[in-house]
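Chemist: Let's see this in three dimensions:
(2 chains)
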Amino acid sequence: MGGMDARMSNVAPAGDAAPSAGSSLHRFANPGRFLRLSEAVLPWLIAPAILLTLTGLTWGLCFSPADWQQGDAVRIMYVHVPSAWLASSGYFGLAVCSLLSLVWRHPLADLAAVEIGPVGAGFTALCLATGSLWGKPMWGAWWVWDARLTSVLVLLFLYLGHIVLVRAFDDPVRGYRSGAILALVGVINLPIIKFSVDWWNTLHQPDSITLLGAPSMAPAMLWPLLVSALGFTFAFAAIVVARLQAAVMERRIRGLLMARAGSR
Amino acid sequence: MTHLPFVAASYALAVLVLGGFGIGAWVRVGAARRRLAAVDPRRERAK
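Modeler: From the prediction side, this is the model:
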């Protein structure tokens, strides 16, 4: 078994940990505590994920207005934009887990990074595919080597590279370390994605929603988009927490089986 | 509706990705829970 299990078993029990950032983070490294917490949290993620995603997509598909220029093709936005936001924010989550792994050697952060990778890659692929389906009727091309599209394609490759790298070593800890370094180096791509439409002349339109400015979008389109984005966010979180829960249990099973084999 | 095939394909892909990952995670958690119940000595003692 890898070094992670040894580290998990060395986690101090609650109550006698020093009150530092690292030790408070390690409170959640206890697999039993994490399983209990995730069991309680998961229903509160799944219910809004289903409700908000179904509401947002139905609202966008059936009840929001068509665009005067794009017609009904604008309805692709209610899938494309949330998946694009989750592709980038999922990678940010992966980078945060990688930092926790490298700095504090947090064992659950390693597992979380491993479980975020495929989900983030799936959302990035969905973003690229729906972008392509939106681009063909609007631009007349499935794909252009535009700065925004290319930087998101690089993001997909970063996710795929991380998935491969963490599984490429016999010693899982070496895989986690290598994946964490790749994830942190790849963070440079996130501002490039965000500002690509401002820095270069791109076929992709600029952002319609910004943190500071008023959205340049009609409320009849903005609200279903926000509901859909919130639903996708809850869905992403629920999927990652469920996968992490399964990964913790699988690790525990392997540990128990190896301990049994060792005692014979 | 204009551009119906493109819109339909986009929504179908979303359902496929979200549903696929959701069902995959649910099946994996269920399988892990059953296997853990079978091998965990504390759970065996509790029976």
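
Chemist: any bit of stretch A:78-97 sitting next to chain B?
Modeler: Yes: contact of stretch A:78-97 with chain B (C-beta under 8 Å from any C-beta of the partner chain) involves A:V79, A:H80, A:S83. C-beta coordinates here come from the backbone N, C-alpha and C atoms, glycine included.

Chemist: Close to chain A: what parts of chain B are there?
Modeler: B:1-4, B:6-7, B:9-11, B:13-14, B:17-18, B:20-22, B:25-26, B:28-29, B:31-33, B:35-36, B:39-41.

Chemist: ok now do the spatially most central residue of chain A, which residues does it touch?
Modeler: Centroid check for chain A by C-alpha atoms, centre = their mean gives A:G90 as the closest residue, at 2.4 Å. Listed by C-beta atoms under 8 Å, 6 or more residues apart in numbering or on different chains, the contact partners of A:G90 are A:I116, A:V119, A:G120, A:F123, A:T124, A:F236.

Chemist: Distance of the fourth one relative to chain B?
Modeler: Translated: A:F123. 7 Å (C-beta to the nearest C-beta, to the nearest Å).

Chemist: Burial check on that residue, number of neighbours?
Modeler: When counting by other C-beta atoms under 10 Å in any protein chain shown, one arrives at 30 neighbours for A:F123.

Chemist: Make sure it is actually in contact with B:A14.
Modeler: No: the criterion here is C-beta atoms under 8 Å, and A:F123 misses it with B:A14 at 9.8 Å.

Chemist: picking that back up, out of the residues of stretch A:78-97 next to chain B, flag the one nearest to chain B.
Modeler: A:V79 (4.4 Å; C-beta to the nearest C-beta).

Chemist: Which of the contacts of A:G90 fall within helices?
Modeler: A:I116, A:V119, A:G120, A:F123, A:T124, A:F236 (DSSP state H).

Chemist: on that earlier part again, overlap of the contact sets of A:F123 and B:A14?
Modeler: Common neighbours of A:F123 and B:A14 (C-beta under 8 Å, 6+ apart) are A:S83.

Chemist: Restricting to C-alpha, output stretch A:96-107 in PDB.
Modeler: The C-alpha trace of stretch A:96-107 is given here as PDB (Å, rounded to 0.1, in the frame of the first residue of the first chain):
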ATOM      1  CA  VAL A  96      -6.100  24.200  -4.600                       C
ATOM      2  CA  CYS A  97      -6.100  20.400  -3.700                       C
ATOM      3  CA  SER A  98      -2.600  20.100  -5.300                       C
ATOM      4  CA  LEU A  99      -1.400  23.000  -3.100                       C
ATOM      5  CA  LEU A 100      -2.800  21.400   0.000                       C
ATOM      6  CA  SER A 101      -1.200  18.200  -1.000                       C
ATOM      7  CA  LEU A 102       2.300  19.700  -1.700                       C
ATOM      8  CA  VAL A 103       2.400  22.100   1.300                       C
ATOM      9  CA  TRP A 104       0.400  20.200   4.100                       C
ATOM     10  CA  ARG A 105       0.700  16.700   2.700                       C
ATOM     11  CA  HIS A 106      -3.100  16.400   3.100                       C
ATOM     12  CA  PRO A 107      -4.000  12.800   2.100                       C
END
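
Chemist: what's the distance between it and the middle of its chain?
Modeler: 16 Å (C-alpha atoms, centre = their mean, to the nearest Å).

Chemist: Could you give me the buried positions within it?
Modeler: Neighbour counts over stretch A:96-107 (16 or more other C-beta atoms under 10 Å in any protein chain shown) mark A:V96, A:C97, A:S98, A:L99, A:L100, A:S101, A:L102, A:W104, A:R105, A:H106, A:P107 as buried.

Chemist: Next: stretch A:158-174.
Modeler: Applying 16+ other C-beta under 10 Å to stretch A:158-174 flags A:L158, A:Y159, A:G161, A:H162, A:I163, A:L165, A:V166, A:P172, A:V173 as buried.

Chemist: now, which of those lie within helices?
Modeler: A:L158, A:Y159, A:G161, A:H162, A:I163, A:L165, A:V166, A:P172, A:V173.

Chemist: Close to chain B: what parts of the stretch 1-150 of chain A are there?
Modeler: So the stretch 1-150 of chain A meets chain B at A:53, A:57, A:61, A:66, A:71-73, A:75-76, A:79-80, A:83, A:118-119, A:122-123, A:125-126, A:129-130, A:133-134, A:136-137 (C-beta under 8 Å from any C-beta).

Chemist: For PyMOL, write the selection for the buried entries among those residues.
Modeler: Selecting only the buried entries of these in PyMOL, with 16+ other C-beta under 10 Å as the criterion:
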select buried, chain A and resi 53+57+61+72+73+75+76+79+80+83+118+119+122+123+125+126+129+130+133+134+136+137
